[in-house]
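Peer 1: Here's a sequence, model it:
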Amino acid sequence: MSYQETYDRWKSDPEAFWMEAAEEISWFKKPSKALFDENAPLYEWFADAEVNTCYNAVDRHVEAGRGDQTAIIYDSPVTHTKHTISFAELKDRVASLAGALRAKGVGVGDRVVIYMPMVPEALEAMLACGRIGAVHSVVFGGFAANELAVRIDDAKPKCIIAGSCGIEPGRVVHYKPLLDGAIEAATHKPDFCVILQREQEVAKLIEGRDVDWHAFQYGVEPAECVPVPGNHPSYILYTSGTTGQPKGVIRHTAGQLVALNWSMKNLYNAEPGEVFWAASDVGWVVGHSYICYAPLVHGNTTVVFEGKPVGTPDAGTFWRVIEEYNVRTFFTAPTAFRAIKREDPTGEFVKKYDLSGLKALFLAGERADPDTIVWAQDQLGVPVIDHWWQTELGWPALCNPLGIEQLPVKLGSPSVPVPGYEFAILDDAGKPLPAGELGAITIKLPLPPGTLPNLWNAEDRFRKSYLDNFPGYYETGDAGYIDEDGYLYIMARTDDVINVAGHRLSTGAMEEVLASHPDVAECAVIGVSDPLKGQLPLGFLCLNAGTQRSAEEVTQEVVKLVREKIGPVAAFKLATVVDRLPKTRSGKILRGTMVSIADGKEFKMPATIDDPAIIDEIKSALAAIGFPSK
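Peer 2: Take a look at the predicted model:
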């Protein structure tokens, strides 16, 4: 069937569509129906089923005779470690950990906070929680103590599972002191903590509270899979809220299994047994959905990579991993590719490796500028698919569905709505806008399976954040437009649409122009306050390694480019060259923080910032072009 036929089939009978997709999942008790809408606009999927995540991700493959297949490939250039774990080994390891947790009183519905580096044990901890019906909440390893404390107080975990340390290029990140500080600061105290001791740093255990990962599993009875209701939370994942208070996105067990499994073949064109690699971190939604759950549930081999796109040891590390393990489908953030392109603009490292097994590259997490996509297409010679989704959605909402039909790629667009999602572009009053007009991107309710049904203990906030502004629709918080072919363009977060003398302009469109300059490796555009025009755009440029041009020449040329491509209406006259941009650890540029600095406003250092030292560099760059900042 073509994409259009598949989408129309979903739209004409969503119930039948999702019940058919549910046939691929192993149930303890099958669902009587797909959608439960009694509490609309709070919808649930497959709520009366009984199911277990870990059984679907691990046990059923062993029972089907595929226990010898590799489930996890661990590759850590920062510790010079590589090893593989088969499905049969994974089952034993997870059942043992789950049994040990159960023996210390963790059961169905109890929360477990996981604070781990990128090691296989992080996935084992997630799966062990699913095995006994506990609800996990993964917090990015190395997160600041006060931010971890906030999450401990919100989730109220019975247990915390942590690594002794994380490894960054050139340094060891001490997790245990951060964990101790967080527990001290938190009002809620866990019953116990499980510590995975790494040889790079052995942490001091607190007697009576901390137990060693291996020692506490000794001699315990392995746990079997516990059936849970379809609407039982699989996990809580905190996403930063605009108030500074994190929002606990929850994912129901059955919907997650059905949607993620369906996406692997239909969107990513992955066949069971193939190696699927999402180069992300378990702390982010990509790590939950496409490092841990989707590949394993679908019977793929997943790669757990502890390293960086550049510097561990060089800009060829991704290509080495792809060649070494015959990775068939690769998924990463555009930021990673921009970092590689900046270090290796002519692709010398790409040429050193045999990438003939790679079928496709998928990008998500930050807007993929056309220049980066074209570079990746030229270097890799495979389809480069920009796709779009959010922590809240849990799996792609816009995608070129390679497993159904490869549609033409339109640079700058993450393509078309995935079956399950119906988009509408609305104005501030909630009226639909015609093709080509910029407005708020919304999705008609109900959202499909696998998306957030609610926030953890915060229904009022859920309604206010996502449902109240546009009744009948989910508000994404992004702005964009739909073209005449039905392709969506995500141009900015709603608050990144700037108003220059009454003209609503997308900072994303300007970034596309800046990125097209041959010397620009990466860029960001923000709107700064202006007494005359309301707001003015300001560009930050990172230049390619080895460029011969001066910063002054490049800034003059990009100002001219924006004037040519977007027009004088953009009033784009300000640009500055910086060494790097402030980002979260997942690669999102912290534009809001940059706006606050430029406007001289007080701001809170974002909890997810990759390197706080960069803020001083941005202040200096702004001061050099006449911006006062506190």
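
Peer 1: Spit out the contact partners of the closest residue to residue 336 other than its chain neighbours.
Peer 2: Of all residues not flanking residue 336 in the chain, residue 309 sits nearest, at 4.1 Å (C-beta to C-beta, 6 or more residues apart in numbering). Bear in mind the C-beta positions are built from the backbone N, C-alpha and C, glycine included. By C-beta atoms under 8 Å, 6 or more residues apart in numbering, residue 309 lies in contact with 279, 315, 317-318, 332, 336-337, 339-340.

Peer 1: who are the neighbours in contact with the closest residue to residue 387 other than its chain neighbours?
Peer 2: Leaving out its chain neighbours, the residue that sits closest to residue 387 by C-beta to C-beta, 6+ apart is residue 399, at 3.9 Å. Taking C-beta under 8 Å, 6+ apart, we find residue 399 in contact with 267, 385, 387-388, 414-416, 418.

Peer 1: Going by distance to residue 163, which of those wins?
Peer 2: Ranked by distance to residue 163 (C-beta to C-beta), the contacts of residue 399 are led by residue 387 at 30.7 Å.

Peer 1: Against residue 496, how distant is the closest one?
Peer 2: 20 Å (C-beta to C-beta, to the nearest Å).

Peer 1: ok, now residue 533?
Peer 2: The gap separating residue 533 from residue 496 is 17 Å, by C-beta to C-beta.

Peer 1: Pick out whichever of those two has more residues nearby.
Peer 2: residue 496 (20 against 14; other C-beta atoms under 10 Å).

Peer 1: residue contacts, the more buried one?
Peer 2: Contacts for residue 496 (C-beta under 8 Å, 6+ apart) come out as 479, 506-508, 526-527, 591.

Peer 1: Secondary structure and pLDDT added to the residues you listed, as JSON lines?
Peer 2: As requested, the contacts of residue 496 are exported to JSON lines (DSSP: H, G, I helix; E, B strand; the rest coil; pLDDT from 0 to 100):
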{"residue": "479", "secondary structure": "strand", "pLDDT": "89"}
{"residue": "506", "secondary structure": "strand", "pLDDT": "77"}
{"residue": "507", "secondary structure": "helix", "pLDDT": "86"}
{"residue": "508", "secondary structure": "helix", "pLDDT": "81"}
{"residue": "526", "secondary structure": "strand", "pLDDT": "92"}
{"residue": "527", "secondary structure": "strand", "pLDDT": "90"}
{"residue": "591", "secondary structure": "helix", "pLDDT": "87"}
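
Peer 1: now these as a markdown table including neighbour count?
Peer 2: A markdown table is the format used below for these (neighbours: other C-beta atoms under 10 Å):
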| residue | neighbour count |
| --- | --- |
| 479 | 23 |
| 506 | 22 |
| 507 | 24 |
| 508 | 21 |
| 526 | 27 |
| 527 | 24 |
| 591 | 21 |
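
Peer 1: Farthest pair within these?
Peer 2: 479 and 526 (14.7 Å).

Peer 1: coming back round to it: residue 259 versus the residue nearest to residue 336, what's the distance?
Peer 2: 28 Å.

Peer 1: could you measure residue 362 against residue 400, distance?
Peer 2: 9 Å.

Peer 1: cool, residue 300 as well?
Peer 2: Residue 300 is 20 Å from residue 400, by C-beta to C-beta.

Peer 1: just residue 349 next, same as before
Peer 2: Noted for residue 349: a distance of 27 Å to residue 400, by C-beta to C-beta.

Peer 1: Looking at those two, which has the bigger crowd around it?
Peer 2: Shown here are residue 349 and residue 400; by other C-beta under 10 Å, residue 400 has more neighbours (27 against 19).

Peer 1: ok, the nearest residue to that one once chain neighbours are set aside to residue 253 distance?
Peer 2: Nearest residue to residue 400, sequence neighbours excluded (C-beta to C-beta, 6+ apart): residue 415, at 4.1 Å. Residue 415 sits 29 Å away from residue 253 when distances are taken as C-beta to C-beta.

Peer 1: So for the two, which residue has more residues nearby?
Peer 2: Set side by side, residue 415 and residue 253 show more neighbours around residue 253, with 26 against 23, by other C-beta under 10 Å.

Peer 1: The more buried one and residue 53 touch, don't they?
Peer 2: Yes: the pair residue 253 and residue 53 passes the contact test of C-beta atoms under 8 Å, sitting 5.7 Å apart.

Peer 1: shared neighbours of these two, anything?
Peer 2: Common neighbours of residue 253 and residue 53, counting by C-beta under 8 Å, 6+ apart, are 130, 234.

Peer 1: In the protein, where is pLDDT below threshold?
Peer 2: 240-244, 492, 494-495, 502, 504, 628-630 (pLDDT under 70).

Peer 1: Against residue 258, how distant is residue 26?
Peer 2: The value you get for residue 26 to residue 258, if C-beta to C-beta is used, is 12 Å.

Peer 1: Among the two, which residue is more densely surrounded?
Peer 2: residue 258 (30 against 16).

Peer 1: Relative to residue 17, how far out is that one?
Peer 2: Distance from residue 258 to residue 17, by C-beta to C-beta: 11 Å.

Peer 1: What of residue 565?
Peer 2: Counting by C-beta to C-beta, the gap from residue 565 to residue 17 is 42 Å.

Peer 1: and what of residue 330?
Peer 2: Residue 330 is 29 Å from residue 17, by C-beta to C-beta.

Peer 1: same check, this time on residue 373
Peer 2: Distance from residue 373 to residue 17, by C-beta to C-beta: 31 Å.

Peer 1: do the same with residue 606
Peer 2: 39 Å.

Peer 1: Then residue 38?
Peer 2: Taking C-beta to C-beta, one finds residue 38 at 21 Å from residue 17.

Peer 1: Between those two, which is the more surrounded one?
Peer 2: residue 17 (20 against 9).

Peer 1: Tell me the backbone dihedrals of the residue nearest to residue 400, please.
Peer 2: phi 80, psi -130 (degrees, to the nearest 10).

Peer 1: show me what contacts it?
Peer 2: So residue 415 contacts 385-387, 398-400, 407, 409, 487-488 (C-beta under 8 Å, 6+ apart).

Peer 1: give the contact list for residue 74.
Peer 2: Residue 74 touches 81-85, 119-120, 304, 306, counting by C-beta under 8 Å, 6+ apart.

Peer 1: hmm, 7 Å instead?
Peer 2: Residue 74 is in contact with 81-83, 119-120, 304, counting by C-beta atoms under 7 Å, 6 or more residues apart in numbering.

Peer 1: Over to it. Which of the three states is it?
Peer 2: Using DSSP: H, G, I helix; E, B strand; the rest coil, the structure places residue 74 in strand.

Peer 1: Start the count at 63 instead of 1 going forward.
Peer 2: All right, first residue 63 from here; so that's residue 136.

Peer 1: Distance-wise, check it relative to residue 182.
Peer 2: Distance from residue 136 to residue 182, by C-beta to C-beta: 5 Å.

Peer 1: Wasn't the residue nearest to residue 398 part of a strand?
Peer 2: No: going by three-state DSSP, the assignment for residue 371 is coil, not a strand.
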